[in-house]
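In: Below: sequence and its predicted model.
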Amino acid sequence: MPNRTPQRLTFAALLITIATVEAIPVANAATETPCRYALSKSESPGGNCLGGASSPYLRLHAKDPVNWRPWGDRALAEARATGRLVFLSIGYTACHWCHVMQRDNFEDPVTARMMNENFINILVDREEHPDIDQTYLRAAAAMNMPTGWPLNVFLTPDGAPIFAGTYYPPERRQGMPAFREVLSAIAETHRENPASIVRRSAYIALDLTEAMTATPGKLSRASLVTAAESLLREIDPFHGGFGESAKFHSSWALRVLWRAYLRSGDDRFRDAVTLSLDNMTRGGFYDHIGGGFSRYTEDPAWNVPHFEKVLDVNAQLLEIMVEVWRETRSPHLRTRIRETVAFLLREMRQPHGAFASAIDSDSEGREGAYYVWSAAEIDSIVGVDAKLFKRAYGVTPDGNWKDGANILSRSGDSLTELAADSDLKAETIAAKLALVRDKLKKIRNKRSRPVTDDKLLGDWNGLAIVALTEAGKALDEPNWLAAAEAAYATVRRALTRDGRLHHSWRAGKVGPEALLDDYAQLARTGLALFEATGKPEYLSDARRWIAETDRFGDAGGAGYFQSATPSSGMMPRLKVGYDEQMPSANAILAGTMARLYYLVGEDRYRTAAERTLESFFGTAVEAPLAHGAILTAADSLIGAIQVVIVGHRDGRKTERLLDEVWRASLPGRVLQVIAPDTALPDGHPASGKGQIDGLATAYVCIGTFCSLPVTSADSLSRALREIRQRAAFPGAAATNPRNN
């Protein structure tokens, strides 16, 4: 996984001169001038151009003495006109090290003067331009340079990268060069040996193209089993999750393991997933006072979070918690689901009904200040139960983090262990701890709150809406489904201008045009809402969003590009099959098309899904941790579980059957309710089947096989459990899943 901490930089050949190059002479201070774009080599760049930006992250930098430009053709045209290199910095509002980089370097007038006199400086909000972010992250990786945020990249005037890094200190520190040294060395190289810059950029572009090439493969159940077994070997046997240091949620890789369990009944796969979720939801990765998850942890035991809370991470974790709860009925997971939904609706939902993108990690200029506690604070607030609470949540006088601060974690003693050392019952202890948490929440609410980045992102909202929909139906919470529908209505309305979808919106302004992620996630959202409500407009939307992705297709091959048109500069369009913080858009699109194929019977959806998945499948099987979404989509195409209920949707017996479906964990579920006089598409395995004795009747199908008709909830529950394992065993190819 990418490193998200300051790099311990190994000097690349380009920066060997750092040790000898003197800092570029600069004036004493940078003066603020109005925003304008220089058009000749003799002119200096105009002032900071971020004041009118809609992005909260860019607006945070509007008063920097750096003459920042937003990303776009105009800024790169200025670089070409002046012959200057580009300094590109990519970050986001909730990023702790982005704030440190700003304080240490971008707010310093001397450093700013060096930047302004030698570079065209461009600032990008990675949440507003994920395509730009992903392009240069991959370029940095191709250069064997550290990746993470802030991502600082030096580019040719055409946008080709030549050097990259993350945070740089103002003075040499812990093996890292000072930022001014980096600026000086690169500017000196550009002046003295510009040809080397051109050659380096060409090599990097070639390396990036090669790194993005995926190995195709034929879809098969056997390969999915191989990938799941490989993932199982990568699970941390003590703490769950993947990796030995920093931990990310990797929820799509966990889905591969979960589906392997559902298909096979092999408890090893189940235990790997439940171990992971149990540790995630008990450690400091989870906010035990306000609910919700941080973006990642810096330790393998899920106890030291990087405190920013982002919408997409919480949405993905909510969805997999719901999926696992459907099978295990874990009271602990049920509690965490309810708390996470409450957090989303209370702290991330905006007045317009959709969801903000992130909550900052910092407040009062300190990382995590809003979330941590001293032992003395706990003693003074809690009183008689302080000793019990401190033991339960790992609070010590010296702190379990830094500067005497404590991150609350329930990864230590269980309620049973606490009860064994006291004269209290476990239920009594749980009640006491809940009362203390309420006290601490009231105190915390009086603290200075971290900043919320309130911009609306189409793809992230799509994830949240699907998760809310699934949670609302599984736990029978109609208010959650209503919130999901309201959010979707806002997203569809706010992001559409002149018939074209955009990626972001804030305060009445739309951002860049939508990317493949937006169309893919919103198509998946429309399908989820259609299944949950039966409203035909949601299915129409899903089909319309998918139709729009034709503009992203690769005319010379399979799969879809991230953007509909080439980005500014010389960098290639990305065609991405791997997951990072977000699942691969190609995977989400293919998985949605697979389910649409089963739902409406149009072969074009199957063909497009199969071609897309096969173009990445070889690499996905070889590297399953980074390709969980591709593998999950392939599982859906090979073995979707189709549930058809013949009956009136608002009928009581139909609702009982539906409740049973929503409470079951069904890989690749395709659900539809049809009226008794409605015909299914030709070729559907349940085509021509109807009601039994005039009762609402369910058919559960996989491939060409369907269960016997069932009319009771108990019979449907048994049929669902039996049929999901029919595709568990190796050997079935997926050339046409309905004919397997």
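Out: Sure thing, it's come through. Numbers count the residues shown, from 1 in each chain.
In: any idea what sits nearest residue 561, other than its immediate chain neighbours?
Out: Nearest in space to residue 561, with sequence neighbours left out and distances taken as Cβ to Cβ, 6 or more residues apart in numbering, is residue 573 at 4.3 Å. Backbone N, C-alpha and C define where each C-beta goes, glycine included.
In: pretty sure that neighbour contacts residue 556?
Out: No. The pair residue 573 / residue 556 is not scored as a contact, 12.0 Å apart, by Cβ atoms under 8 Å.
In: So these two - more neighbours on which side?
Out: Between residue 573 and residue 556, counted using other Cβ atoms under 10 Å, residue 573 has the larger neighbour count: 18 against 5.
In: and that one, that's in a helix?
Out: No. Counting by DSSP: H, G, I helix; E, B strand; the rest coil, residue 573 falls outside a helix, being coil.
In: Could you tell me how far it is located from residue 560?
Out: For residue 573, the distance to residue 560 equals 10 Å [Cβ to Cβ, to the nearest Å].
In: need the contact list for residue 368.
Out: Listed by Cβ atoms under 8 Å, 6 or more residues apart in numbering, the contact partners of residue 368 are 305, 307, 361-362, 401, 405, 407.
In: domain ranges for the protein?
Out: Per automatic domain parsing, the domain ranges recorded for the chain read 13-211, 221-363+453-638, 371-446, 642-723.
In: Would you pull up how far the longest one lies from the middle of the chain?
Out: Yep, that's domain 221-363+453-638 we're talking about. The gap between the average C-alpha position of domain 221-363+453-638 and the chain average comes to 7 Å, counting by Cα atoms, centre = their mean, to the nearest Å.
In: So that it lines up with my notes, have the first residue be 36 from now on.
Out: From this message on, residue numbering opens at 36, which makes the last subject domain 256-398+488-673.
In: Now the terminal residues of that domain, how far apart.
Out: One end of domain 256-398+488-673 to the other measures 7 Å (Cα to Cα, to the nearest Å).
In: got it, and the third one?
Out: Using Cα to Cα, the span of domain 406-481 from its first residue to its last is 12 Å.
In: how far is it from where the chain is centred?
Out: When C-alpha coordinates are averaged (Cα atoms, centre = their mean), domain 406-481 and its chain have centres 31 Å apart.
In: Reformat the contacts of residue 403 as JSON lines; add distance to residue 373 and pLDDT.
Out: Putting the contacts of residue 403 into JSON lines (distance: Cβ to Cβ, whole Å; pLDDT from 0 to 100) gives the following:
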{"residue": "340", "distance to residue 373": "21", "pLDDT": "96"}
{"residue": "342", "distance to residue 373": "22", "pLDDT": "95"}
{"residue": "396", "distance to residue 373": "25", "pLDDT": "93"}
{"residue": "397", "distance to residue 373": "28", "pLDDT": "93"}
{"residue": "436", "distance to residue 373": "27", "pLDDT": "95"}
{"residue": "440", "distance to residue 373": "28", "pLDDT": "97"}
{"residue": "442", "distance to residue 373": "22", "pLDDT": "98"}
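In: Just the buried residues of these.
Out: Buried members of these, scored by 16 or more other Cβ atoms under 10 Å, are 340, 342, 396-397, 436, 440, 442.
In: And these, which is closest to residue 720?
Out: Nearest to residue 720 among the buried ones among the contacts of residue 403, counting by Cβ to Cβ, is residue 340 at 46.8 Å.
In: ok, the closest one touching residue 319?
Out: Yes. Distance between residue 340 and residue 319: 5.3 Å, which falls inside the contact criterion (Cβ under 8 Å).
In: which one of the domains of the chain is the most hemmed in?
Out: Ranked by mean neighbour count under mean count of other Cβ atoms under 10 Å, the domains of the chain are led by domain 256-398+488-673, which reaches a mean of 21.
In: what's the distance between residue 226 and residue 479?
Out: Distance of residue 226 to residue 479, given as Cβ to Cβ: 53 Å.
In: Just after the least confident helix or strand in the chain by mean pLDDT, pick out the following helix or strand.
Out: The least trusted helix or strand in the chain, going by mean pLDDT, DSSP states H and E, turns out to be helix 229-246, with a mean of 73. Past helix 229-246, heading to the C-terminal end, the next element that is a helix or strand (DSSP states H and E) is helix 256-269.
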